[in-house]
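>>> Turn this into a structure:
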Amino acid sequence: VSSKRSQSNSPEQFASLPVVSDMEFHLQERKKSLHGGSITPDPDSQIWPIFEPKSDPLGLTLIGDLAECDMNKIKALAHIELTTLFDHYDIVYTRPKRKRKTKEHGIFGVPLEIMVEHDQKRSPGATVPIVFQAMINFLEKEGLYTEGLMRVSRAESRTK
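Coordinates of the predicted model:
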């Protein structure tokens with residue numbers, strides 16, 4: 001049995017097959033899987049490409065050669081390496097401060113300047129947002145006669 005295997009896998013047998021780069025091989029696999037073909041070829045067929053990985057003289061691995069799970073591991077290792085380099089060369093790195101995103105519409109979370117700009121489109125002479133004017137009008141009419149409206153609730157033990 002072993003003599004049959006050694007004869008069937010001899011290098012002379014594969015000499016006539018085309019040499020395919022690893023990228024082309026993966027693309028061929030992908031086409032087969034998309035068109036419903038099997039990903040693993042028939043062992044008896046003679047259409048197996050010879051897979052030759054590209055060798056790098058420095059032994060480096062390119063980022064494009066890594067899988068997604070390997071990329072997550074690389075992020076952590078790269079962070080450690082950068083931290084070590086920064087410490088070694090006394091480089092101080094601070095992240096740039098995030099710019100706050102300002103809302104352009106709405107009532108809550110919108111800067112007063114933007115509210116005034118929007119309200120000036122409705123009434124040209126407005127210097128205070130309409131929302132605040134409505135709140136002040138309500139407090140003047142209803143709030144002055146309602147007991148405890150502007151009160152901050154606290155425990156009695158704290159106020160004594």
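
>>> helices or strands next to the longest helix anywhere in the chain in the packing?
In terms of residue count, the longest helix belonging to the chain (DSSP state H) is helix 68-88. Counting contacts by 3 or more C-beta pairs under 8 Å, 6 or more residues apart in numbering; DSSP states H and E, helix 68-88 is packed against no other helix or strand. Quick note: C-beta positions are derived from backbone N, CA and C, even for glycine.

>>> Dump the helix or strand following it to PDB, keeping only the CA atoms.
Sequence order places helix 112-122 as the next helix or strand after helix 68-88, per DSSP states H and E. Taking Å, rounded to 0.1, in the frame of the first residue of the first chain, the C-alpha atoms of helix 112-122 are listed here in PDB:
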ATOM      1  CA  LEU A 112     -27.600  78.200  22.900                       C
ATOM      2  CA  GLU A 113     -26.000  80.000  20.000                       C
ATOM      3  CA  ILE A 114     -27.500  77.500  17.500                       C
ATOM      4  CA  MET A 115     -30.900  77.700  19.200                       C
ATOM      5  CA  VAL A 116     -30.800  81.500  18.900                       C
ATOM      6  CA  GLU A 117     -29.800  81.200  15.200                       C
ATOM      7  CA  HIS A 118     -32.700  78.900  14.500                       C
ATOM      8  CA  ASP A 119     -35.200  81.100  16.400                       C
ATOM      9  CA  GLN A 120     -34.000  84.200  14.600                       C
ATOM     10  CA  LYS A 121     -35.200  82.600  11.300                       C
ATOM     11  CA  ARG A 122     -38.700  82.500  12.800                       C
END
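
>>> and the very next helix or strand once past helix 112-122, what does it pack onto?
Elements were assigned by DSSP H and E; along the chain past helix 112-122, the next helix or strand is helix 130-141. On a contact count with 3+ C-beta pairs under 8 Å, 6+ apart, helix 130-141 meets helix 112-122.

>>> on that earlier part again, for the longest helix of the chain, buried residues please.
Going by neighbour count (16 or more other C-beta atoms under 10 Å), nothing in helix 68-88 comes out as buried.

>>> again with stretch 114-127
For stretch 114-127, by 16+ other C-beta under 10 Å, it's Met115, His118, Asp119, Ala126.

>>> In this structure the third one contacts Pro129, no?
Yes. Checked against C-beta atoms under 8 Å, the pair Asp119 and Pro129 is within contact range at 5.3 Å.
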